[in-house]
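> just a sequence and a predicted model for now, questions to come.
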Amino acid sequence: MATRRRQITFRKRRRKRVFTGEMKKTLFLFLIFVFILFVALLVKIYLINRDHGDEYKKKVLSQQSYTNTVLNYQRGSIKDRNNTILAQSVRKFNMIIEPRTFLNEPEMKEETLAKIAQYFAFDVNEIEKIISEHPQSMYQHVDGLKKLTGDQIKGFQEEMEKNELVGGVWFEETYTRNYPLETIACNIVGFTSSDNQGTYGIEGTYNDELNGKVGREYGYFDANMEFQRTVKKATNGNSVVLTIDANVQRVIENQIRKYNKNVGAENIAVMVMDPGSGEVLAMASQNTYDLNDPQDLTHMYGEEEIAAMDQTTKSEKLLSMWSNFCIASAYEPGSTYKPFTVAAALDEGLIKPTDYFGCGGVLDVSGVQIHCSNRSGHGSLSLEQSMMESCNSALMQIGAKLERTRFSKYNKIFGFGQKTGIDLPGETAGLIHTEEELNPVELATSSFGQTQTVTMVQMLSGFCSLINGGNYYQPHIVKEIQNDNGAVVESVEPIVVKKTVSSSTSNIIRQQMKATVEEGTAAPAQVKGYSIGGKTGTAEKRPVTDRNYLVSFIGCVPAENPQAAIYVIIDQPHVEDQAHSTYATEFASKIMKKILPFLGLYAEETEEEVAQAETEVVESSSERASVTEE
C-alpha cells in the first residue's frame, strides 16, 4: 500500500515537472512571438511614417483647426556676363488675417482694423466680410492688400511691435517677376506665367534651374488651445548668368530702332559671337516687347492696327513678336555663303590661292543662263579677287569642282540643315538640298548662297570655325549657374564639336575676308583704327518677280586674329533699290564702332594720330613751363 502511494506520488510529481517544463517552453515561445510582433509593429510604424507621415499628420492636425500655408521660394535671377540683372524676383508681401483670433479678441479686432484703415487707406468692411464668412479660419488673404512693398508695410509693422492690441495679422512673403531693362534682350530672356513657369527664352529653357522648391508652414491649436507652427523653409532657385553683354545688346537694339525710324525694313537682325568659344555676345532683332508686359503689342504696332485685330490675329502677332529671329527663322543667305564654298574646295585640294577664274557676266549651266552680280563680267579674277568682287561665275566653277557629293558633305560639316543645339527654345534647321537633289543648276545656285535656307546662328557658328583655325564650337548663351548665395554651381565650358577645315584653309579665308573689306565689296564695313574682315551678301527673295532682297554682312575683328564675329541682316530695306549690300555693311560699321570698346577691343592709333598726340603733349608742357616762369 505504501509502495502504491509512493508510485502515485512519483507519477504526480513527474507530471507536474513535465507540465511546468511545457509551461516554460510555451511562455518562452509566446514571449518570442510578442517580441517579433513588436519589432514588426515598429518597422510598420517607421514605414508608414516615412511614406505617409505628412499625409497622416495633416489628417490629425485638420481635426485641431489645422492650417497649411505654402512658403514661396525666390526664383533665381537672369544676369548678363557682367552680372547686370536682366530678370529678378522682387519680394512682396500679402496681408494674411486670422478671423478666429479676431472673434476671440474683440478689442484686438477693433484696434487692428482701425490701424489697417489708417496705414493702408483700406475699406475694412471687406475684412469684416471675410471674418463673417470664415469665422474659424486662421489664414485668409485680403484682396487689395496683396503684393505690398516693404515700404508699404513698414509703418504698420512698427505699430504691431509697439501696440499689443494690433494683432491677428501677419504678412506672407511672395515674389513678383521683374525685368529692370524692360525690352533689352527680350527675345533671349523670355518671361514667366503667373505660376512661375518660364515661357520662351532662358526663362523657358532653364525653368527647372531657376525655380526652387516651396516650403510649408503647418499650424494648429494644441490641447491648451495655443496655436503651434511648424515651418519647413523654401529652397530658392539658382541664377543663370548669360554670355551676352547687356551694354552691347542695348547699343545694337538702339541702332536697330534708329534705322527703322530713318529708313525701315521688314526685319533687321544682328548677332555677335566670340569665335574662340562659341559664346553669344549679343542677339537682337526688331521684334521687341516689354518683358514686364509681354501681352502689349504697342512696341510693334500702332493702336489703330491693334484695335482692328481679331483674337486669332492678335495671338499670331504675339507669337511672332515673342519669337527669336536669329534662331527661329530660315532664309537664303546669298553671297555670305561663298566663303564656305571656297573653304570646302581649298580643303579638298581642288583649288589653290593662285588659281584664276574667268567671268563673262553669265554662265550656261545645263542650258540655264545664270548671271553674275556684274552682268558685263569681271574678266579674269584670282581666287582672292573672286571673293573681293563677289563673283558668282567663279563660285559656280568652284562648286562644279566640288561636285554634289563633296558639296553635300561640307554642307553637313558646317552645320547647315541641322539644329546647332544652342541653349534656347524654338530653333529651326533650315532646308538644304540632299545630295540627290544637287543637280548642276542647284549645285551652281547653292554655291553662291541661293536655293538653300539657313539660320543666323548656323551661319555665324560655321563662319567662326572658318576664321578661328577650323574649330566648330557649340554656340551657347549661358555662361554659368549660381546658387542663391552667388556661388558658381556649374560652369558652361566651350565645347569643340568638330573640325571643319584645316588651319591653313582658315588662314587663307581670313586673308580674303580682310582684302574684301579693305578693297572689295565690303569696304563700307571699315571702322577707323580696326582691322576688319568680312563678306557681303545680297539674296534675291522668292518670288523673284517682286524684286525684294535680303542684304547682309558677316565679318570679324581683328581680321588677323578674330576676337569677335558679327552678322547683320536687313530684310527688305524700305528703299526703292534694295539690291545693295551697302545698307548692311554701313549698318555693321556703325554698330562695331560703338560696341567694340565694350568688348575690350580698342582702336589702334595711326602714325598721324600718335604724332598729333605727342605734339599736343609738348605744347601743353611748354605752356605749363611758361606759366611757372611767370
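Received it, and whenever you're ready, just let me know what you need.
> so how far is Thr192 from the residue lying closest to Gln578 once chain neighbours are set aside?
Once flanking residues are discounted, Gln578 sits nearest to Tyr549: 4.2 Å by CB to CB, 6 or more residues apart in numbering. Yep, even glycine has a C-beta here, placed from its N, CA and C like the rest. Distance of Tyr549 to Thr192, computed by CB to CB, to the nearest Å: 39 Å.
> same check, this time on Gln255
29 Å.
> please apply the same query to Ser393.
53 Å.
> now swap in Lys232 and tell me
From Lys232 to Thr192 the distance is 24 Å (CB to CB).
> quick one, which of those two is more surrounded?
Remark: of Lys232 and Thr192, Thr192 carries more neighbours, 23 against 13, as counted by other CB atoms under 10 Å.
> and that one, its phi and psi?
phi -120, psi 160 (degrees, to the nearest 10).
> count the neighbours of the residue nearest to it when sequence neighbours are not counted for me.
Distances taken as CB to CB, 6+ apart put Arg177 closest to Thr192, at 4.9 Å, once the chain neighbours are dropped. Neighbours of Arg177 under the rule other CB under 10 Å: 19.
> please report how far Arg177 lies from Asn72.
Applying CB to CB to Arg177 and Asn72 gives a distance of 12 Å.
> same thing with Thr205?
If you go by CB to CB, the gap between Thr205 and Asn72 works out to 22 Å.
> now do the SS call for Lys25.
helix (DSSP: H, G, I helix; E, B strand; the rest coil).
> in this structure, what spans have low per-residue confidence?
For the chain, residues meeting the criterion pLDDT under 70 lie at 1-22, 49-69, 219-229, 605-630.
> got a list of what Met387 touches?
When contacts are counted by CB atoms under 8 Å, 6 or more residues apart in numbering, Met387 touches 338-339, 342, 512-513, 515-516, 520, 535.
> next step: these restricted to strands.
Lys535 (DSSP state E).
> can you put the contacts of Met387 in JSON lines and add neighbour count?
Putting the contacts of Met387 into JSON lines (neighbours: other CB atoms under 10 Å) gives the following:
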{"residue": "Lys338", "neighbour count": "27"}
{"residue": "Pro339", "neighbour count": "23"}
{"residue": "Val342", "neighbour count": "27"}
{"residue": "Gln512", "neighbour count": "25"}
{"residue": "Met513", "neighbour count": "27"}
{"residue": "Ala515", "neighbour count": "17"}
{"residue": "Thr516", "neighbour count": "28"}
{"residue": "Gly520", "neighbour count": "21"}
{"residue": "Lys535", "neighbour count": "34"}
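> buried sites along stretch 132-139?
For stretch 132-139, a neighbour-count test (16 or more other CB atoms under 10 Å) marks 137-139 as buried.
> give me every residue that touches the residue sitting nearest the centre point of the chain.
Geometric centre of the chain, nearest residue: Ile202, 2.7 Å, by CA atoms, centre = their mean. Listed by CB under 8 Å, 6+ apart, the contact partners of Ile202 are 78, 87, 188-190, 240, 242, 424, 477-478.
> same check on Glu98?
Per CB under 8 Å, 6+ apart, neighbours of Glu98: 137-140, 168-170.
> show me where the stretch 101-250 of the chain has helices.
106-120, 125-133, 150-162, 186-189, 201-205, 207-210, 246-262 (DSSP state H, counting those that start in this stretch).
> show me what the first one is in contact with.
Contact with helix 106-120 is made by 95, 101-103, 122-124, 127-128, 131, 145, 152, 155-156, 159, 163, 165-169, as judged by CB under 8 Å, 6+ apart.
> repeat that with 7 Å
For helix 106-120, contacts defined as CB atoms under 7 Å, 6 or more residues apart in numbering pick out 102, 122, 124, 127, 145, 155-156, 159, 165-169.
> flag every buried residue along stretch 288-305.
Buried-residue list, stretch 288-305, by 16+ other CB under 10 Å: 288-289, 291, 294, 297, 299-300.
> quick one: terminal-to-terminal distance for that stretch?
Its start and end residues considered, stretch 288-305 measures 17 Å (CA to CA, to the nearest Å).
> try stretch 320-332
One end of stretch 320-332 sits 20 Å from the other (CA to CA).
> what of stretch 416-427?
13 Å.
> can I get the helices of the stretch 101-250 of the chain in CSV including distance to Gln526?
Below are the helices of the stretch 101-250 of the chain laid out as CSV (distance: least, CB to CB, whole Å):
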stretch, distance to Gln526
helix 106-120, 62
helix 125-133, 67
helix 150-162, 53
helix 186-189, 29
helix 201-205, 34
helix 207-210, 42
helix 246-262, 17
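> which one, of those helices, ends up nearest to Val496?
Across those, Val496 has its closest neighbour in helix 201-205 (22.3 Å, CB to CB).
> closest to Ala400 out of the buried residues of stretch 132-139?
Distances from Ala400 to the buried residues of stretch 132-139, taken by CB to CB, are shortest for Tyr139, at 77.5 Å.
> quick one: Glu110 from Thr582, how far?
Counting by CB to CB - Glu110 and Thr582 are separated by 78 Å.
> list the buried ones in stretch 89-99?
In stretch 89-99, counting by 16+ other CB under 10 Å, buried: 89, 92-99.
> kindly report the same for stretch 74-84.
Quick answer for stretch 74-84 (16+ other CB under 10 Å): 74-81, 84.
> again with stretch 540-560
540-541, 548-559.
> hmm, back to that, which of Glu110 and Thr582 has more residues huddled nearby?
Thr582 (17 against 12).
> contacting residues for Gly470?
Contacts of Gly470 (CB under 7 Å, 6+ apart): 499-503, 505-506.
> just the helices in the stretch 501-630 of the chain please.
Using DSSP H, counting those that start in this stretch, helices in the stretch 501-630 of the chain cover 503-519, 582-595, 607-629.
> tell me which element Asn485 falls in.
Asn485 belongs to no helix or strand when assigned by DSSP states H and E.
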